[in-house]
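Trainee: Fold the following and give me the result.
(2 chains)
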Amino acid sequence: AQSVTQLDSHVSVSEGTPVLLRCNYSSSYSPSLFWYVQHPNKGLQLLLKYTSAATLVKGINGFEAEFKKSETSFHLTKPSAHMSDAAEYFCVVSVSGGYNKLIFGAGTRLAVHP
Amino acid sequence: KAGVTQTPRYLIKTRGQQVTLSCSPISGHRSVSWYQQTPGQGLQFLFEYFSETQRNKGNFPGRFSGRQFSNSRSEMNVSTLELGDSALYLCASSFQADEKLFFGSGTQLSVL
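Mentor: Residues are numbered from 1 along each chain as shown, chains lettered A, B, ... in the order given. Model prediction:
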């Protein structure tokens, strides 16, 4: 069975400093992995998607994630945080053949301080 | 191109009642999925529809049901509401299954 574990429930950074949100996955085959972001009172927005084409995946708004099979990790990074990045971030794995059945991590709330 | 539209935005119901939520996918999208989001359980998959057929279902009781119409619009119904059904219900659409999902803003259901 597939699962994802987000290692931090809350992360706090200062504006302009790097962001690191950690995610480990469990899958018996090559997974499809995603990062989604949810701003308050808003739906979910896809940041990026990994599907084995390249281990370093670039997403929107300057975010990127690196797939590391040996570490079963898919951490999300951004070189410089912006106030507008404050939101909840979800690491997600897709169930193969599951017709859009996504397994969500518990989420990491990112706070950005001036 | 309009995004995924969910109505209503907010709902307040009492225990024992039933409720119907509506979702209009992005034009051209034929797959519609539903998710429940609660503080305790997080985001959980409810079901997915494609061309009016339910292809996958999550681990929810039979009180949760859905359907999809020929224009790909979807409805979700919850009967005999319980307090624990209070949640944000999110709808997502995609052109095909296992592709990028576009989520609506959700319907916030409160059961009193």
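Trainee: Show me the beta-bridge partners of the most centrally placed residue in chain A.
Mentor: In chain A, the residue lying closest to the centroid (C-alpha atoms, centre = their mean) is residue A:35, at 3.3 Å. Counting by DSSP bridges, residue A:35 is bridged to residue A:48, residue A:91.
Trainee: where does chain A come near chain B, residue by residue?
Mentor: A:32, A:36, A:41-46, A:49, A:90, A:94, A:96-107 (C-beta under 8 Å from any C-beta of the partner chain). Every residue, glycine included, has its C-beta placed from N, CA and C.
Trainee: Show me the strands in chain A, by range?
Mentor: Along chain A, the stretches classed as strands by DSSP state E are A:3-6, A:10-14, A:19-21, A:23-26, A:32-38, A:44-50, A:56-58, A:64-68, A:73-78, A:87-94, A:102-104, A:108-113.
Trainee: Make JSON lines out of these and add mean pLDDT.
Mentor: What follows is the strands of chain A, written out as JSON lines (pLDDT from 0 to 100):
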{"stretch": "strand A:3-6", "mean pLDDT": "94"}
{"stretch": "strand A:10-14", "mean pLDDT": "98"}
{"stretch": "strand A:19-21", "mean pLDDT": "98"}
{"stretch": "strand A:23-26", "mean pLDDT": "94"}
{"stretch": "strand A:32-38", "mean pLDDT": "94"}
{"stretch": "strand A:44-50", "mean pLDDT": "93"}
{"stretch": "strand A:56-58", "mean pLDDT": "94"}
{"stretch": "strand A:64-68", "mean pLDDT": "95"}
{"stretch": "strand A:73-78", "mean pLDDT": "97"}
{"stretch": "strand A:87-94", "mean pLDDT": "94"}
{"stretch": "strand A:102-104", "mean pLDDT": "91"}
{"stretch": "strand A:108-113", "mean pLDDT": "97"}
